[in-house]
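> What would the 3D arrangement of this be:
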Amino acid sequence: MVSKNTLCIWYDGTAVDAANFYAKTFPNSAVGPIHRAPGDFPSGRKGDVLTVEFTVAGIPCMGLNGGPAFKHSEAFSFQIATEDQAETDRLWNAIVDNGGQESACGWCKDRWGLSWQITPRALIEGWTDPDPAVAKRVFDAMMTMRKIDVAAIEAARRG
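Numbers count the residues shown, from 1 in each chain. All right, here's what the predicted structure looks like:
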């Protein structure tokens, strides 16, 4: 059954490469059907890969090889909740070490320019703590980080 809501993500000819990377990196992810263009289009020819269906952490997506006209920005990101430092490190390093780049506060970009928030649950629980002093300490600690350090977040939460 086709999902009623699917994220369509624009790529410049590299949608299949991105889908394969996501499928091997994130649990509950897979690559589905690849569809070829039935005719020429502005950035390609009949028979070129036009779209690829895939899932990222259970979210249905479609990669569209639309060409160079549009670029990704931080206005859209995947936020992946992690259980511990090991999972945080594995996902962060997979993205950054595969041609991506680090940003701040748990954000990074993959080599296709798509933004990711690799967010430990400890961080979410900390900065949403009902005690404003705890939330502020956790938030302030996060603001000094690139990849999130779970031990430092937990220490900030304890005070």
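> domain assignment for the chain?
As given by automatic domain parsing, the domain ranges for the chain are 1-70, 72-159.
> Could I get the ones you listed in CSV, plus columns for mean neighbour count and mean pLDDT?
Glycine gets a C-beta too; all of them are placed from N, C-alpha and C. Shown next, in CSV, are these (neighbours: other Cβ atoms under 10 Å; pLDDT from 0 to 100):
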stretch, mean neighbour count, mean pLDDT
domain 1-70, 15, 96
domain 72-159, 17, 98
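> tell me which residues form a beta bridge with the closest residue in space to Asn5 that isn't next to it in sequence?
Excluding the flanking residues, the one nearest Asn5 by Cβ to Cβ, 6 or more residues apart in numbering is Pro60, at 7.5 Å. Beta-bridge partners recorded for Pro60 (DSSP bridges): Thr55.
> With the one 5 residues further on instead?
Counting by DSSP bridges, Asn65 forms beta bridges with Tyr11.
> for the protein, what spans make up the strands?
Applying DSSP state E to the chain gives strands spanning 7-11, 30-36, 49-56, 59-65, 77-82, 101-102, 107-109, 115-120.
> which residues touch the most far-flung residue of the chain relative to its centre?
When each C-alpha in the chain is compared with the mean C-alpha position (Cα atoms, centre = their mean), Gly39 comes out farthest, at 31.3 Å. Residues counted as contacts of Gly39 (Cβ atoms under 8 Å, 6 or more residues apart in numbering) are Lys46.
> before we move on, back to that, same list (the strands of the chain) but as JSON lines, adding distance to Ala156.
Converted to JSON lines, the strands of the chain look like this (distance: least, Cβ to Cβ, whole Å):
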{"stretch": "strand 7-11", "distance to Ala156": "33"}
{"stretch": "strand 30-36", "distance to Ala156": "37"}
{"stretch": "strand 49-56", "distance to Ala156": "30"}
{"stretch": "strand 59-65", "distance to Ala156": "30"}
{"stretch": "strand 77-82", "distance to Ala156": "17"}
{"stretch": "strand 101-102", "distance to Ala156": "21"}
{"stretch": "strand 107-109", "distance to Ala156": "19"}
{"stretch": "strand 115-120", "distance to Ala156": "12"}
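> now the nearest residue to Ala151 once chain neighbours are set aside: how far from Asn93?
Of all residues not flanking Ala151 in the chain, Gln85 sits nearest, at 7.0 Å (Cβ to Cβ, 6+ apart). For Gln85, the distance to Asn93 equals 12 Å [Cβ to Cβ, to the nearest Å].
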